[in-house]
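Undergrad: Structure for the following, please:
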Amino acid sequence: MAYRPQAVTIDNCAVDHLVEFCRTNYLTKLFLVADKNTFAAQGKAAQEALLAAGFDLKSTVFTGEEVIADAAHVLDVLIAAGSDVRTYIAVGSGTLTDITRFASHRTHSQFISMPTAPSVDGFASIGAPLIVHGVKITVICQAPLALFADINTLANAPQAMIAAGFADMLGKLTSIADWRIGRLLWNEPYDETIAQRTLDAVQICVDNADAIGQGAPAGISRLLDALLESGYCMLDFGSSRPASGAEHHYSHYWEMKLLREGRPAILHGAKVGVATVLVAGLYDRVRQLSRAQISDLLEATTWPTQDEEAARMRAAYGDLADDIIAEHKAFLHVSSTQVETLKHKILDNWDEIQAIAAQVPPARAVADLLRRVGGPTTAAELGFDEEERDLAIANGHYLRDRFTVRKLVKVLGIE
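TA: Predicted coordinates:
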């Protein structure tokens with residue numbers, strides 16, 4: 001089990017906690033990372049307090065309109081940090097945390113997280129989702145040494161970022177179902193306790209949806225509690241599997257497409273929320289299929305050849321295809337015997353698959369929850385046309401070596 005943060009606070013004294021923690025733990029050399037928005041929201045106050053307290057502090061503030069967790073921004077941080085060993089302080093939401101997490105880990109340093117918006121579930125996790133050569137990957141790094149959140153800063157974050165955090169949590173409704181299907185059909189490592197903890201965290205958000213949508217401090221505090229718990233679940237399991245299924249794969253596909261085309265980024269959670277509606281729709285379809293129908297579908301479908309799948313991936317990902325093909329190799333190198341075994345597993349376990357699907361709310365219910373917090377529910381609201389929506393559905397699942405409902409319907413031939 002990876003180490004959790006030594007201290008976590010969510011109140012109106014985040015800067016005071018930061019100063020005291022650094023003093024108590026003799027963290028004399030510090031390095032603060034922010035962008036222009038998060039510096040204004042929290043970074044400036046932290047910087048002034050640390051300097052006034054006599055700490056050796058260096059800072060870097062990204063001034064561009066868009067900050068991306070990619071090699072260029074990581075390099076900027078490494079150059080600004082210098083050669084001294086320092087404790088990094090990430091002031092911001094997901095992207096800044098991921099950049100800082102990776103840079104600190106690779107320089108054998110620790111980092112402290114100061115979230116400025118409850119927008120993602122990765123604050124307390126060990127994974128750093130990065131764009132490497134145009135491909136979205138997750139690099140295992142470290143959890144923060146401590147996390148100090150200012151509730152007033154969080155509650156005054158842009159409403160879209162609050163809705164994105166709520167949507168990222170709703171994505172666990174399908175990611176846990178996908179994980180259970182992966183265990184059942186693909187023998188993926190699984191932990192029921194962690195799965196249930198994740199779903200309990202989702203329920204916290206659902207129970208507080210209206211307060212979250214209104215930006216009420218009490219609701220925002222509960223949202224961050226849930227986001228942190230999701231991060232702890234990933235931390236305890238050792239990967240993002242409890243929190244990332246087909247809905248995240250769609251989101252990653254869209255993110256990579258936007259980057260390739262030089263289009264503005266869209267909040268991660270906003271993409272995940274829309275994708276969760278789409279994936280919940282797949283579970284709606286699964287619930288409608290009888291065992292007899294499944295038997296007929298499995299009899300009629302054939303597993304695509306390696307060349308056919310590779311051609312699809314090259315058409316979808318172009319110059320990035322070689323990396324995608326390497327990631328997807330477990331599903332490319334499948335023998336005819338393995339295919340038949342998988343089909344038998346699907347048929348033999350159809351009642352359990354139906355039970356898993358029944359635990360996912362209908363797509364319309366997921367969309368209703370997103371609307372309550374002011375989040376988008378359709379690809380069109382994100383700025384994608386129908387073709388871009390369908391491209392994510394058809395090709396997003398290639399991005400991770402995990403069995404999901406998307407792969408299930410592909411095997412059934414009902415895509």
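
Undergrad: make it CA atoms for all contacts and neighbour counts henceforth
TA: OK.

Undergrad: Where do the helices of the stretch 51-200 of the chain begin and end?
TA: With DSSP state H, counting those that start in this stretch as the definition, the stretch 51-200 of the chain shows helices at residue ranges 71-81, 94-106, 151-155, 159-170, 172-186, 192-207.

Undergrad: any residues touching the last one, and which ones?
TA: Residues from elsewhere that reach helix 192-207 (CA atoms under 8 Å, 6 or more residues apart in numbering): 166, 169-170, 172-173, 176, 212, 222-223, 225-227, 229-230, 233, 236-237, 242-243, 369.

Undergrad: Identify those among the residues you listed that sit within helices.
TA: When DSSP state H is applied, the contacts of helix 192-207 are split such that 166, 169-170, 172-173, 176, 212, 222-223, 225-227, 229-230, 233, 236-237, 369 fall in helices.

Undergrad: out of the helices of the stretch 51-200 of the chain, nearest to Thr377?
TA: Distances from Thr377 to each of those were compared using CA to CA; the shortest belongs to helix 159-170, at 9.6 Å.

Undergrad: can you give me the angle that closest one makes with helix 192-207?
TA: Angle of helix 159-170 versus helix 192-207, following axes from the mean of the first three to the mean of the last three CA atoms, to 10 degrees, is 140 degrees.

Undergrad: List the contacts of helix 159-170.
TA: Contacts to helix 159-170, defined as CA under 8 Å, 6+ apart, come from residues 117-121, 201-202, 205, 212-213, 215, 220, 223, 226-227, 230, 267-270, 272-273, 276, 366, 370, 373-375.

Undergrad: Kindly recompute the last result at 7 Å.
TA: Helix 159-170 is touched from outside by 117-121, 202, 205, 223, 227, 267-270, 272-273, 370, 373-375, with contacts defined as CA atoms under 7 Å, 6 or more residues apart in numbering.

Undergrad: Against Ala275, how distant is Ser221?
TA: Taken as CA to CA, to the nearest Å, the spacing of Ser221 relative to Ala275 amounts to 25 Å.

Undergrad: These two: who's more crowded?
TA: Neighbours were counted for Ser221 and for Ala275 using other CA atoms under 10 Å; Ala275 has more, 27 against 22.

Undergrad: my guess is the more buried one meets Glu247, correct?
TA: Yes - using CA atoms under 7 Å as the test, Ala275 is close enough to Glu247 to be in contact (4.8 Å).

Undergrad: ok, back up a step: quick one: which of the helices of the stretch 51-200 of the chain is nearest Tyr283?
TA: Comparing the helices of the stretch 51-200 of the chain by CA to CA, helix 172-186 comes nearest, at 8.5 Å.

Undergrad: Would you indicate which residues of the closest one are buried?
TA: Judged by neighbour count (16 or more other CA atoms under 10 Å), helix 172-186 contains these buried residues: 172-185.

Undergrad: which of the contacts of helix 192-207 count as buried?
TA: A residue is treated as buried here by neighbour count (16+ other CA under 10 Å); on that basis the buried members of those are 166, 169-170, 172-173, 176, 212, 222-223, 225-227, 229-230, 233, 236-237, 242-243, 369.

Undergrad: Distance from stretch 402-413 to the middle of the chain?
TA: Relative to the centre of its chain, stretch 402-413 is centred 21 Å away, using CA atoms, centre = their mean, to the nearest Å.

Undergrad: Sorry, wrong one. I was asking about stretch 64-80.
TA: Once both centres are worked out by CA atoms, centre = their mean, stretch 64-80 turns out to sit 20 Å from its chain's centre.

Undergrad: Now do the end-to-end distance for it.
TA: Distances were taken as CA to CA; on that basis the terminal residues of stretch 64-80 are 16 Å apart.

Undergrad: would Val8 count as being in a helix?
TA: No - counting by DSSP: H, G, I helix; E, B strand; the rest coil, Val8 is located in no helix; its state is strand.

Undergrad: hey, what's it bridged with?
TA: With beta bridges defined as DSSP bridges, Val8 has these partners: Leu147.

Undergrad: For it, give me its contacts.
TA: Contacts for Val8 were tallied using CA under 7 Å, 6+ apart; they are 146-148.

Undergrad: State the pLDDT value of it.
TA: With respect to pLDDT, Val8 has a value of 97.

Undergrad: That one and Lys271, how far apart?
TA: Between Val8 and Lys271 the computed distance is 28 Å (CA to CA).

Undergrad: Excluding covalently adjacent residues, which one is nearest to Ser104?
TA: In space, not counting the residues next to it along the chain, Ser104 is nearest to Gln110; the distance is 5.8 Å by CA to CA, 6 or more residues apart in numbering.

Undergrad: same check, this time on Asp35
TA: Counting by CA to CA, 6+ apart, the residue nearest Asp35 is Phe62, at 4.3 Å.

Undergrad: got a list of what the one you found touches?
TA: Residues in contact with Phe62, defined by CA under 7 Å, 6+ apart, are 34-36.

Undergrad: again, but for Val366
TA: Contacts were defined as CA under 7 Å, 6+ apart; by that measure Val366 touches Val277.

Undergrad: which ones are touching the residue nearest to Ser104?
TA: Taking CA under 7 Å, 6+ apart as the criterion, Gln110 is in contact with 87-88, 104, 144-145.

Undergrad: quick check: domain ranges of the chain?
TA: If the domains of the chain are taken from automatic domain parsing, they occupy 7-157, 162-412, with pieces of a single domain joined by a plus sign.

Undergrad: now the end-to-end length of the last one.
TA: Between the start and the finish of domain 162-412 there is a gap of 37 Å, counting by CA to CA.

Undergrad: Could you do stretch 284-304 as well?
TA: Using CA to CA, one end of stretch 284-304 lies 25 Å from the other.

Undergrad: show me where pLDDT drops low in the stretch 301-415 of the chain?
TA: Counting by pLDDT under 70, not a single residue of the stretch 301-415 of the chain qualifies.
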